[in-house]
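only geometry, no sequence info:
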């Protein structure tokens, strides 16, 4: 009778653990799908693996060392938090002098926490937090999408360095923001690369006309224009 009870208990426990793993995979898949739909660095596979592994390590932390004397089960769980930072650090990078990937890295951190909650038996909180993460990503994405940053890059050579001062005056008049100015001395002339930003459309023609009006010898090599989200995540 006792053996039957033990076997039944073990079967129920294994079923509970199996359900935790499946639920963690589903939550990770949903969060990862939202990130993949936004063409972010970490997608479905990354989030599923992170959530599944976090749940598995929580189960191991709780159950695998019950027969060990004076074992602190929180040590295994604590390593999840520190270990996930390596993945998050690999996602965050700088592009065009803007930091990108912060939201995706935070999402992976949250996904790990959700996996830990599910692995620890807190299924309800794990599912609720998964829904909250997806809602926050969706709502804030639609909000930031309405705030566009228009960028213009002008590259050319000029004999008078005062061009930079004239560009500053022009941008101040038009309320444009100069993101970056690079000046290189190339033997009597200067190669200038100017990056301008604005939350409204930038008139490249007006900028070129202003430059040529004051600096006839300015030879424009390249003009680049693009529109991007204010907060790349």
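Received it, and whenever you're ready, just let me know what you need. What you see is a predicted model, and the numbers here were worked out from it, not measured in a lab.

in the top helix by length along the chain, what counts as buried?
In the chain, assigned by DSSP state H, the helix with the most residues is helix 2-37. By 16 or more other Cβ atoms under 10 Å, the buried positions in helix 2-37 come out as 17, 20-21, 23-32, 34-36. Glycine gets a C-beta too; all of them are placed from N, C-alpha and C.

For residue 54, state which of these is nearest.
Nearest to residue 54 out of those is residue 24 (Cβ to Cβ; 7.1 Å).

State the pLDDT value of that closest one.
Looking at residue 24, its pLDDT stands at 91.

Phi and psi next, for residue 162.
Backbone geometry at residue 162, expressed as degrees, to the nearest 10, gives phi -70, psi -10.

same deal with residue 186?
For residue 186, the backbone dihedrals (degrees, to the nearest 10) come out as phi -120, psi 40.

Nearest residue to it in space, ignoring adjacent ones along the chain?
Leaving out its chain neighbours, the residue that sits closest to residue 186 by Cβ to Cβ, 6 or more residues apart in numbering is residue 157, at 7.0 Å.

Could you look up the SS state of the one you found?
strand (DSSP: H, G, I helix; E, B strand; the rest coil).

That one pairs with what?
The partner list for residue 157 in beta bridges (DSSP bridges) reads residue 191, residue 219.

tell me, how many neighbours does it end up with?
Residues lying near residue 157 (other Cβ atoms under 10 Å) number 16.

switch to numbering from 37
Shifting the count to begin at 37 puts that one at residue 193.

Residue 220 versus that one, what's the distance?
Here residue 193 is placed at a distance of 9 Å from residue 220 (Cβ to Cβ, to the nearest Å).

quick one on the thing from earlier: tell me the one of the buried residues of helix 38-73 nearest residue 166?
Ranked by distance to residue 166 (Cβ to Cβ), those are led by residue 63 at 4.1 Å.

what ranges do the strands span in this structure?
Secondary structure of the chain (DSSP state E): strands located at 129-131, 134-136, 184-194, 213-221, 226-234, 255-265.

what does the domain assignment say about the protein?
Structurally, the chain divides into domains by automatic domain parsing as follows: 38-181, 184-265.

tell me the most buried of the ones you listed?
For the domains of the chain, average neighbour numbers computed from mean count of other Cβ atoms under 10 Å are highest in domain 38-181, which has a mean of 17.

Now do the same contact list for the nearest residue to residue 174 once chain neighbours are set aside.
Counting by Cβ to Cβ, 6+ apart, residue 174 lies nearest to residue 70, which is 6.8 Å off, once chain neighbours are set aside. Applying Cβ atoms under 8 Å, 6 or more residues apart in numbering to residue 70 gives the contacts 170, 173-174.

I'm done for today, thanks for sticking with me.
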